[in-house]
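Student: Return atomic coordinates for the entry below.
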Amino acid sequence: MIVTPKVVRQKLMQAAVLAKIDREGLRIDTDQVRERLRVTRAHVSRAPYLTDMLDRWEEIVEGNDIDAARAVAVLEGETGDEMRNLSPLGVLLSESERLQVLDELREQWPLPR
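Tutor: Sure, this is the predicted structure:
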């Protein structure tokens, strides 16, 4: 399996979100997360593969199932990559927290000079 910067970024973002959830005791069944999920669904193809993943995210969010979100964060393979790509949880990070993750990505995946 080829690991791309996008895959690494998604894993780092999910790890950052989960760390913040744990640190601050955040819930994921918020209006902000639901709205992100709704917007994502409106912009994603109607392929059953993707709609099934969005359905799974809706279950995770509605159940405030942090353990299931953790399982997605470490899920290997194409399904894990796509689930992280579709994750609505990134809205829980502030802009500065997102930029910090991007800095970490650059440290792990330096651009060629």
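Student: Give me the most central residue, the chain.
Tutor: Note on the chain: the residue nearest the mean C-alpha position is S87, at 3.6 Å, using CA atoms, centre = their mean.
Student: can you tell me the helix or strand for the residue nearest to that residue when sequence neighbours are not counted?
Tutor: Distance criterion CB to CB, 6 or more residues apart in numbering; nearest residue to S87, sequence neighbours excluded, is Q14 at 6.2 Å. Quick note: C-beta positions are derived from backbone N, CA and C, even for glycine. For Q14, the host element (DSSP states H and E) is helix 5-24.
Student: Show me what counts as buried in that helix.
Tutor: Along helix 5-24, the positions that meet the burial threshold by neighbour count (16 or more other CB atoms under 10 Å) are 7, 9-14, 16-18, 20-21.
Student: now the next helix or strand after it: mean pLDDT?
Tutor: Using DSSP H and E, the helix or strand that follows helix 5-24 towards the C-terminus is helix 31-43. Computed over helix 31-43, the mean pLDDT rounds to 96.
Student: what do you get for stretch 90-102?
Tutor: Confidence for stretch 90-102, expressed as mean pLDDT, is 94.
Student: quick one on the thing from earlier: distance-wise, check the residue nearest to S87 relative to A69.
Tutor: Per CB to CB, to the nearest Å, Q14 is found 8 Å from A69.
Student: now do W57
Tutor: Summarising the geometry, the distance separating W57 from A69, computed by CB to CB, is 9 Å.
Student: higher neighbour count, the two?
Tutor: W57 (24 against 20; other CB atoms under 10 Å).
Student: related to what we said a few turns ago, find residues that contact each of W57 and A69.
Tutor: S87 (CB atoms under 8 Å, 6 or more residues apart in numbering).
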